[in-house]
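Engineer: Here's my sequence, what's the structure:
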Amino acid sequence: MASRPLFLIALTLAVAVLPSAATAAELFVYRGGGCTGRDRLPAFIAMAGREPDGVVAFTERTSWQNMLNSVTWSINCWAGTPYRVSQAVPMLLDKGTTLKEGADGAYDAHFAQLGRNLVAKGRANAYLRIGWEFNGDWYAWSAAKDPESFVRYFRRIVKIFRSVPGQQFQIVWNPARGQQKIAPDRVYPGDDVVDVIGLDLYNSSWRKEDVDPEIRWQNHLTQPYSLNWLKEFAAQHNKPIALPEWGTGTSPNGQGQGDDPLFIRRMAEWIKANNVAYHAYWDYAAPDYNAELSGGRQPQSAKAFREAFGPAE
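Structural biologist: Residues are numbered from 1 along each chain as shown. Purely as a prediction, here's the structure:
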């Protein structure tokens, strides 16, 4: 194994990293793409009081070659670190591709190459989030457009990844919270091609009564296709759970619920109580949702996060 960067060694010593106080589930984080995320990681480590177990990665979607190049760049940025990767895998480009074409095999070569690249770069154990948040309409692979092709295509991609020599990929089926444009279970591709059942969940709401943090949390539990559903659906299929994106923060549309330590504590309790393989905090100021904790703008939530997921006292 390559030597670890000096800044990671120093931070590990500085925060006296100890086992997590909250859960055995692996803690992942998103701090930005590739080298940007790597350079911003020390602030998260300082805030959380520990290093993460893994990092979240995305890709370009303007062309297949750019998709492949962006993954290689990202992997190279994390070279020499011990972090496992939760890799988002786009099923389509933003323009000019369709689910049916994919299901019929038009894009097979790109996924075969992606799988080979991941193995060659030492990321054979990556979690692969194929077509994440497919039940929404904000990505080109929205399953509501063509449910039958979505399922066929998902299964085809998994078959390709599993044919790569040396791979140990964990395939994550990953809707967004809520029904959105299609009920997620309508397009479940089958237990034989899914290893982990995930759900992306952000602390957001339009309901007036959700001004109360406890009422809001109960809605996160009981809303159709939210946490209670995730627990039950995963158990029915005998699969572990992932929360590949979660966080609390603000959004330009006013839907974000801001600095909410109760949400952090309740999420930690839920993660500990359930069969969660990994969860990934969105410690990033995205234009549409700023859930960053390490920058100091959400001090109560940051404190709750460290108490829940940081070093044992």
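Engineer: What ranges does the stretch 1-150 of the chain have for its helices?
Structural biologist: In the stretch 1-150 of the chain, the helices defined using DSSP state H, counting those that start in this stretch lie at 6-15, 34-48, 64-77, 99-103, 108-120, 147-162.
Engineer: Tell me which of the ones you listed sits nearest to residue 244.
Structural biologist: In terms of CB to CB, the element of the helices of the stretch 1-150 of the chain nearest to residue 244 is helix 34-48, at 15.0 Å. Backbone N, C-alpha and C define where each C-beta goes, glycine included.
Engineer: Let me see the ranges of the helices in the stretch 201-313 of the chain.
Structural biologist: Secondary structure of the stretch 201-313 of the chain (DSSP H, counting those that start in this stretch): helices located at 213-222, 227-236, 261-273, 299-309.
Engineer: Quick one, which of those helices gets closest to residue 194.
Structural biologist: helix 227-236 (9.9 Å).
Engineer: Okay, and the beta partners of the residue nearest to residue 250 when sequence neighbours are not counted?
Structural biologist: By the measure of CB to CB, 6 or more residues apart in numbering, the closest residue to residue 250 outside its immediate chain neighbours is residue 256, 4.2 Å from it. When assigned by DSSP bridges, residue 256 has beta-bridge partners residue 204.
Engineer: if I pick residue 256, what's in contact with it?
Structural biologist: By CB atoms under 8 Å, 6 or more residues apart in numbering, residue 256 lies in contact with 202-204, 248-250, 289-291.
Engineer: Just name the closest of those to residue 52, please.
Structural biologist: Of the contacts of residue 256, the one sitting nearest to residue 52 (CB to CB) turns out to be residue 291, at 15.0 Å.
Engineer: Do I have it right that that closest one meets residue 248?
Structural biologist: Yes: the pair residue 291 / residue 248 is scored as a contact, 5.9 Å apart, by CB atoms under 8 Å.
Engineer: Looking at the two, which one has more neighbours?
Structural biologist: Per other CB atoms under 10 Å, whichever of residue 291 and residue 248 has more neighbours is residue 248, with 29 against 25.
Engineer: What distance do you get for the more buried one to residue 201?
Structural biologist: Going from residue 248 to residue 201 by CB to CB, to the nearest Å gives 10 Å.
Engineer: and if you look at residue 236?
Structural biologist: Distance of residue 236 to residue 201, computed by CB to CB: 19 Å.
Engineer: higher neighbour count, these two?
Structural biologist: For residue 236 versus residue 201, the count of surrounding residues by other CB under 10 Å is larger for residue 201: 23 against 11.
Engineer: Of all the helices of the stretch 1-150 of the chain, which one comes closest to residue 209?
Structural biologist: Minimum separation from residue 209 across the helices of the stretch 1-150 of the chain (CB to CB) falls at helix 34-48, 31.2 Å.
Engineer: and that closest one, what does it pack onto?
Structural biologist: Judged by 3 or more CB pairs under 8 Å, 6 or more residues apart in numbering; DSSP states H and E, helix 34-48 is in contact with helix 6-15, strand 26-30, strand 54-57, helix 64-77, helix 299-309.
Engineer: Lowest mean pLDDT across these, which one is that?
Structural biologist: Confidence, taken as mean pLDDT, is least for helix 6-15 of the helices and strands packed on helix 34-48 (a mean of 39).
Engineer: how near is the closest residue to residue 194 other than its chain neighbours to residue 145?
Structural biologist: Spatial nearest neighbour of residue 194, chain neighbours left out: residue 173 (4.5 Å); criterion: CB to CB, 6+ apart. For residue 173, the distance to residue 145 equals 18 Å [CB to CB].
Engineer: Please identify which of those two sits among more neighbours.
Structural biologist: More crowded of residue 173 and residue 145, by other CB under 10 Å: residue 173, with 28 against 16.
Engineer: Quick check, that one in contact with residue 196.
Structural biologist: Yes: with contact defined as CB under 8 Å, residue 173 reaches residue 196; the gap is 7.4 Å.
Engineer: Low-confidence stretches in the chain?
Structural biologist: Within the chain, the stretches with pLDDT under 70 are 1-23, 313.
Engineer: so what's the spatially most central residue of it up against?
Structural biologist: For the chain, the residue nearest the mean C-alpha position is residue 244 (2.3 Å; CA atoms, centre = their mean). Counting by CB under 8 Å, 6+ apart, residue 244 touches 28, 56, 86, 127, 129, 132, 172, 174, 198-200, 278-280.
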